[in-house]
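here you go, sequence then predicted model.
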Amino acid sequence: MATTAYAVPPPGDRPVDICVFGCTGNAGRAVAHHLLCSIIKIKRGEGKDDPIKVGLAGRSRNKIEQLLAHVGPKGLQSDAEIIIADINDYPSMLKMAQSTKILVCCAGPFGFYGEAAVKACVEAGTHYVDITGEVPWVERMNTEYGAQAEAKGVALLSFSGYDCVPAELSLYLVGKALETKEQRMEKLDLTFVAIGGGIPRGTLATAMGIIGGDLSMETKEGDTPFVPAEFQPALKRYLSPLSLILPKWNAPLNSYTCANYMAAINAPIMCHSSSLLGFDPKITIHDRLISWISPISLPLSFPFSAISFVFCILYVLGMGIGALFLVFPPTKWLFQKYLNMHSYHGNPNTNVRVFARGTGGGGKGNITAESIMTVPGDPGIYSTGVFATAVSLSLLETTASDLTKKMEERPLAGFHPPVAALKGCPKGILVKYLQSLGAEIKVLVTPDGGEMEEKQL
């Protein structure tokens, strides 16, 4: 039986607590903004009064200086250490990693640009967070560096943005709520509602790389699959073709839902995390999305339900036609031209909502648990900044050098999704930081024939 490896404090004195690499990109800018805002009110977590020290890293000092004038709390001068690092200059990457305790990497596509940061962090003993959704790349990095990271006590927390913190955290909250009632989770229904916003340039570039064949979504020969063998049937159920094509009625939300466009990314992470969290391999997960016009707050009536059905069909057709168009050279060229000029800093005036409903089994009665999560900002950029900041702050607190916690209360070392990696840490630590950044999260449990009760997080 393999021994579980836990994260240890980074060696030596380091001038920076959390460094954001790729901070001038769309998503990196959002992470830098939320991190600089948070240090005004959040202390280091080691019993000290000095604030968290932030570093901003990239190739251009001039661009980072310009960024500092536009991010962080309004009316206050943001204070951050500027670090120059370039993926094509490994000594600069290693120097950056050696200067910080936590490195948040936002420079994608990770299949093109991500390895240097991982290699440097493992060599330097620096904990690592990224916002990738590229599972095959993580499988490749895990094969190359996972064992070394575990041996050195380095936590490597990929998937720490919109893909896939909200899905993974919902899985954890609902599953653990059912366990308090001696129930195992048999089914989880996830429904995402994200209105307004845009897609980061790195995500668009990743999509182009996949469509063009430069990036693969398949596990390479010799790499260890991210999904354990016992959860492969659950993965197949998760990504059933019919579930990805057909609309599905959601009675609690009074709307038809369509397949979440993030389902292909969420699925392997959810299955991997389920194995670490001790959930049943027979679990069935539905990952759905409500189109922007769906009347989720309106009472059920035929016209409204018909409209949501039509928009689900249009959504599926639009996604398919869009992918086909990007295969043809002329439209691919036009999209690439747009991508080179595209820049979007996110929309703070909207929010991401995630409704999760879990059904229990194996105990007495029919018990359900629900989690409702509302996070400020659009999914692609602003809320990704919220999620990655909360993960990095949680990781910083739980790997502090003067903590007296048992090893089992520290994050897991090696490559893991963030919620599963933090499972043994003080209860609710990730929720605590998300709430400090404006998120609203609650969990409700309804026993068979009983009254709904809210669970403490």
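Right, received. Where do you want to start? Residues are numbered from 1 along each chain as shown.

could you use CA atoms for every contact and neighbour count after this?
Fine.

show me the strands in the stretch 51-200 of the chain, by range?
Here the stretch 51-200 of the chain has its strands, by DSSP state E, counting those that start in this stretch, at 54-58, 81-84, 100-105, 127-130, 155-157, 184-194.

got phi/psi on the residue lying closest to Ala151 once chain neighbours are set aside?
Leaving aside its sequence neighbours, Ala151 sits nearest to Ala5 (CA to CA, 6 or more residues apart in numbering; 7.2 Å). Per-residue torsions, Ala5: phi -100, psi 140 (degrees, to the nearest 10).

tell me if I'm right that Ala5 and Gly153 touch.
Yes. Under the criterion of CA atoms under 8 Å, Ala5 makes contact with Gly153 at 6.7 Å.

between the two, what contacts are shared?
Jointly contacting Ala5 and Gly153 under the rule CA atoms under 8 Å, 6 or more residues apart in numbering are Ala413, Gly414.

ok so, going back, tell me which of the strands of the stretch 51-200 of the chain sits most buried.
Looking across these with neighbours counted as mean count of other CA atoms under 10 Å, the highest average goes to strand 155-157: a mean of 32.

how far does stretch 250-270 stretch from start to finish?
21 Å (CA to CA, to the nearest Å).

output the below-cut-off pLDDT ranges for the stretch 101-250 of the chain.
Scanning the stretch 101-250 of the chain for pLDDT under 70 picks out the ranges 195-219.

what about the helices in it?
110-113, 115-124, 135-141, 147-152, 165-179, 201-212, 232-238, 241-245 (DSSP state H, counting those that start in this stretch).

the residue nearest to Ala151 and Glu408, how far apart?
Ala5 is 9 Å from Glu408, by CA to CA.

also Ile102?
Per CA to CA, Ile102 is found 20 Å from Glu408.

what separates stretch 106-114 from the chain centre, distance-wise?
Distance, stretch centre to chain centre, for stretch 106-114: 15 Å (CA atoms, centre = their mean, to the nearest Å).

show me what counts as buried in it.
Under the neighbour-count criterion of 16 or more other CA atoms under 10 Å, stretch 106-114 has Cys106, Ala107, Gly108, Pro109, Phe110, Gly111, Gly114 buried.

first vs last residue of it, how far apart are they?
9 Å.

for stretch 235-253, same thing?
Note: stretch 235-253 ends 25 Å apart using CA to CA.

could you list the buried residues of it?
Buried residues in stretch 235-253 (16+ other CA under 10 Å): Leu235, Arg237, Tyr238, Leu239, Ser243, Leu244, Leu246, Pro247, Lys248, Leu253.

which outside residues touch that stretch?
Contact with stretch 235-253 is made by 227, 255-260, 263-264, 267-268, 271, 284-287, 296-297, 309, 312-313, 316, as judged by CA under 8 Å, 6+ apart.

sticking with Ser371, tell me its helix or strand.
Element membership of Ser371 [criterion: DSSP states H and E] is strand 368-376.

partners of that strand, with directions?
Sheet partners assigned to strand 368-376 using DSSP bridges are listed as strand 351-361 (antiparallel), strand 440-446 (antiparallel).

would CSV of these with mean neighbour count be doable?
Converted to CSV, these look like this (neighbours: other CA atoms under 10 Å):
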stretch, mean neighbour count
strand 351-361, 22
strand 440-446, 18
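
quick one: which of Ala5 and Glu408 has more around it?
Ala5 (21 against 14; other CA atoms under 10 Å).

wait, what's in contact with the more buried one?
Contacts of Ala5 (CA under 8 Å, 6+ apart): Glu150, Ala151, Gly153, Leu412, Ala413, Gly414.

if I look at the residue nearest to Ala151, how far off is Ala421?
For Ala5, the distance to Ala421 - CA to CA - is 11 Å.

residues near Ile313, how many?
For Ile313, the tally of surrounding residues (other CA under 10 Å) stands at 15.

tell me the secondary structure for it?
Assigned with DSSP: H, G, I helix; E, B strand; the rest coil, Ile313 falls in the helix class.

how near is it to Cys121?
45 Å.

now the next helix or strand after the strand holding Ser371: mean pLDDT?
Per DSSP H and E, the first helix or strand lying C-terminal to strand 368-376 is helix 382-398. Helix 382-398 comes out with an average pLDDT of 95.

helices or strands next to helix 382-398 in the packing?
strand 16-21, helix 26-38, strand 100-105, strand 127-130, strand 368-376, helix 429-436 (3 or more CA pairs under 8 Å, 6 or more residues apart in numbering; DSSP states H and E).

just name the most buried of the helices of the stretch 101-250 of the chain.
Comparing these by mean count of other CA under 10 Å gives helix 165-179 as most buried, with a mean of 24.

and it, what other elements does it pack with?
Helix 165-179 sits against strand 184-194, helix 263-277, strand 351-361, strand 368-376, helix 418-421, strand 440-446, with contacts defined as 3+ CA pairs under 8 Å, 6+ apart.

contacts for the strand holding Ser371?
166, 170, 173-175, 177-178, 348-360, 382-383, 386, 438-447.

returning to that earlier point: need the strands of the stretch 51-200 of the chain in CSV with distance to Pro426, can you?
CSV is the format used below for the strands of the stretch 51-200 of the chain (distance: least, CA to CA, whole Å):
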stretch, distance to Pro426
strand 54-58, 24
strand 81-84, 30
strand 100-105, 19
strand 127-130, 18
strand 155-157, 17
strand 184-194, 23
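
among these, which comes closest to Pro15?
Nearest to Pro15 among the strands of the stretch 51-200 of the chain is strand 100-105; the distance by CA to CA comes to 6.5 Å.

who touches the closest one?
Strand 100-105 is contacted by residues 9-10, 14-22, 28, 55, 97, 114, 117, 121, 126-131, 388, 392, 395-396 when judged by CA under 8 Å, 6+ apart.

emit the PyMOL select command for whichever of those residues are buried.
Of these, the buried ones go into a single PyMOL selection, burial set by 16+ other CA under 10 Å:
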select buried, resi 9+10+16+17+18+19+20+21+22+28+55+97+114+117+121+126+127+128+129+130+131+388+392+395+396
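
identify the contacts common to Ala5 and Ala421.
By CA under 8 Å, 6+ apart, Ala5 and Ala421 have these common neighbours: Leu412, Ala413.

gap between stretch 436-449 and the chain center?
Relative to its chain's centre, stretch 436-449 lies at 20 Å (CA atoms, centre = their mean).

how close does Phe112 sit to Lys53?
29 Å.

which residues touch the closest residue to Ile283 other than its chain neighbours?
Leaving aside its sequence neighbours, Ile283 sits nearest to Glu186 (CA to CA, 6+ apart; 4.7 Å). By CA under 8 Å, 6+ apart, the residues touching Glu186 are Asp280, Lys282, Ile283, Thr284, Gly358, Thr359, Gly360, Gly361.
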